[in-house]
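> Quick one: sequence and predicted model below, then my questions.
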Amino acid sequence: MSTTAPLLQIEALSIEYQGQSGVVRAVHEASLVVREGESVALVGESGSGKSTVARAALGLLPPRTAGIVAGRLLIEGHDVTRYTERQWEGLRGNPVAMVFQDPLSFLNPVMRVGRQIAESVQRHDRAAHDVKARVAELLDLVRLPAGTMRSYPHELSGGMRQRALLAVALGCRPKLLLADEPTTALDVTTQAEMLALLRDLRQRLGMAMLLISHDLGVVWEECERVYVMLRSRIVESGITREVFRSPAHAYTAGLIRAARAARDADGRFETIEGDYATTGG
Ligand SMILES: Nc1ncnc2c1ncn2[C@@H]1O[C@H](COP(=O)(O)OP(=O)(O)OP(=O)(O)O)[C@@H](O)[C@H]1O
Ligand SMILES: [Mg+2]
């Protein structure tokens with residue numbers, strides 16, 4: 001397979017859930033690409049299908065109630081659309097890993113953090129000869145004290161848990177990190193620290209990122225390209241600065257206006273060079 005194939009390629013993908021009151025089409029003919037080293041955002045209103053796209057990209061759709069009904073999903077050029085759970089197990093974590101909004105639901109509550117990072121290293125990083133040293137290195141990488149190794153998830157703060165989950169993900173040496181609202185549950189200061197950490201890691205490890213976020217200020221600062229989702233469809237995509245300066249879709253323009261109003265209200269994005277929307281408001 002060509003080494004220039006995108007890390008993640010989603011082609012006209014449609015996904016349905018079998019809900020209580022019938023079938024819900026959560027994603028309709030969505031197409032998206034993330035190449036090596038890129039930082040890409042997926043934004044859009046609640047319920048538009050962003051998390052469903054991310055879950056599909058890791059084979060994490062609920063097996064009995066959700067399914068890909070059309071389109072293709074390729075990872076490094078390999079068609080994984082019809083992969084079985086067994087096949088996904090070999091793929092999850094590397095080349096694609098994920099961090100979630102709620103780290104507690106993905107960390108094992110009865111296992112020490114160090115053990116969980118070690119398992120991820122043992123499963124995905126065959127080159128790691130000294131697992132303990134690699135765990136210490138990963139904790140250092142996500143700026144957690146070495147003693148965290150012996151902690152249980154409930155003993156950590158929200159920000160620390162998110163870092164611990166990040167260490168588990170990085171233990172797989174992913175080329176692409178899917179980050180689904182990784183800072184939403186954190187307070188503003190902890191959010192800023194987490195974002196700075198992600199940026200630093202991306203630069204140091206050359207890792208690509210697909211960031212799902214409600215925060216357009218963050219997207220403006222962290223992501224070169226952006227996809228905008230509205231009611232299960234990707235309605236607009238492009239270079240972040242170009243899309244934000246002159247959105248083609250009325251929905252995108254509205255999102256940007258709202259973000260700008262919020263920014264003006266709390267002054268949080270004063271550092272953004274210039275203005276990221278020239279439309280209306
Ligand atoms: N397990 C599920 N069973 C049935 N329907 C679901 C399930 N998960 C999501 N959906 C539906 O699929 C649609 C897309 O949901 P999804 O979680 O992907 O949206 P989202 O863009 O991530 O929203 P948010 O910004 O609130 O996280 C919604 O209509 C949602 O109700
Ligand atoms: Mg979501």
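Perfect, thanks for sending it. Numbers count the residues shown, from 1 in each chain. Ligands and ions are numbered 1, 2, ... in the order given.
> ok, which residues in this protein are in contact with ligand 1?
17, 19, 24, 26, 44, 46-52, 62, 65 (C-beta under 6 Å from any ligand atom). Just so you know, the C-beta spots here come from the backbone N, C-alpha and C atoms, and that holds for glycine as well.
> can you do 8 Å?
With C-beta under 8 Å from any ligand atom as the criterion, the chain comes near ligand 1 at residues 17-20, 24, 26-27, 44-55, 62, 65-66, 101, 180-181, 212, 214, 229, 232.
> least trustworthy helix or strand in the chain by mean pLDDT?
One helix or strand of the chain scores below all others by mean pLDDT, DSSP states H and E: helix 250-266, with a mean of 86.
> For that one, list every residue counted as buried.
In terms of neighbour count (16 or more other C-beta atoms under 10 Å), helix 250-266 has its buried residues at 251-256, 259-260, 263.
> just for the protein, where's the confidence low?
Residues of the chain meeting the criterion pLDDT under 70: 1-3, 266-281.
> Spatially central residue for it, please.
residue 179 (1.9 Å; C-alpha atoms, centre = their mean).
> in terms of contact, does that one touch residue 101 like I think?
No: taking contacts as C-beta atoms under 8 Å, residue 179 lies outside contact range of residue 101: 9.3 Å.
> residue ranges for the helices of this structure, please.
50-56, 85-91, 113-124, 131-141, 158-170, 188-205, 216-222, 240-245, 250-266 (DSSP state H).
> Could you dump the ones you listed into TSV with distance to residue 10 added?
TSV is the format used below for those (distance: least, C-beta to C-beta, whole Å):
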stretch	distance to residue 10
helix 50-56	7
helix 85-91	15
helix 113-124	23
helix 131-141	29
helix 158-170	20
helix 188-205	21
helix 216-222	19
helix 240-245	18
helix 250-266	19
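> do you know which of those lies nearest residue 5?
helix 85-91 (14.4 Å; C-beta to C-beta).
> What residues of the closest one count as buried?
residue 91.
> likewise stretch 128-143?
128, 131, 134-135, 137-139, 141-142.
> In terms of distance to ligand 1, which of those ranks first?
Taking C-beta to the nearest ligand atom as the measure, ligand 1 lies nearest residue 142 of the buried residues of stretch 128-143, at 23.8 Å.
> Ramachandran coordinates for that closest one?
Main-chain dihedrals, residue 142, degrees, to the nearest 10: phi -90, psi 10.
> Leaving out the residues flanking it, which one is nearest to it?
residue 163 (4.2 Å; C-beta to C-beta, 6 or more residues apart in numbering).
> how close does the one you found get to residue 241?
Note on residue 163: its distance to residue 241, by C-beta to C-beta, to the nearest Å, is 30 Å.
> So for the two, which sits in the more crowded spot?
residue 163 (26 against 15; other C-beta atoms under 10 Å).
> neighbours around the residue nearest to residue 229 when sequence neighbours are not counted, how many?
Closest residue to residue 229 apart from its sequence neighbours, by C-beta to C-beta, 6+ apart: residue 44 at 3.3 Å. Neighbours of residue 44 under the rule other C-beta under 10 Å: 24.
> ditto for residue 155
For residue 155, using other C-beta under 10 Å, the count is 12.
> Contacts only, for residue 69.
Residues near residue 69 by C-beta atoms under 8 Å, 6 or more residues apart in numbering: 14-16, 25.
> For those residues, could you give me CSV that also reports neighbour count?
Formatted as CSV, those follow (neighbours: other C-beta atoms under 10 Å):
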residue, neighbour count
14, 17
15, 24
16, 21
25, 16
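> quick one: which of those is nearest residue 93?
Nearest member of these to residue 93, counting by C-beta to C-beta, is residue 15, at 21.8 Å.
> measure the residue nearest to residue 134 when sequence neighbours are not counted to residue 158 for me?
The spatially closest residue to residue 134, leaving aside those adjacent along the chain, is residue 128, at 4.4 Å (C-beta to C-beta, 6+ apart). Distance of residue 128 to residue 158, computed by C-beta to C-beta: 28 Å.
> can you check residue 168 too?
Counting by C-beta to C-beta, the gap from residue 168 to residue 158 is 16 Å.
> higher neighbour count, these two?
With neighbours defined as other C-beta under 10 Å, residue 168 and residue 158 compare such that residue 168 has more, 25 against 16.
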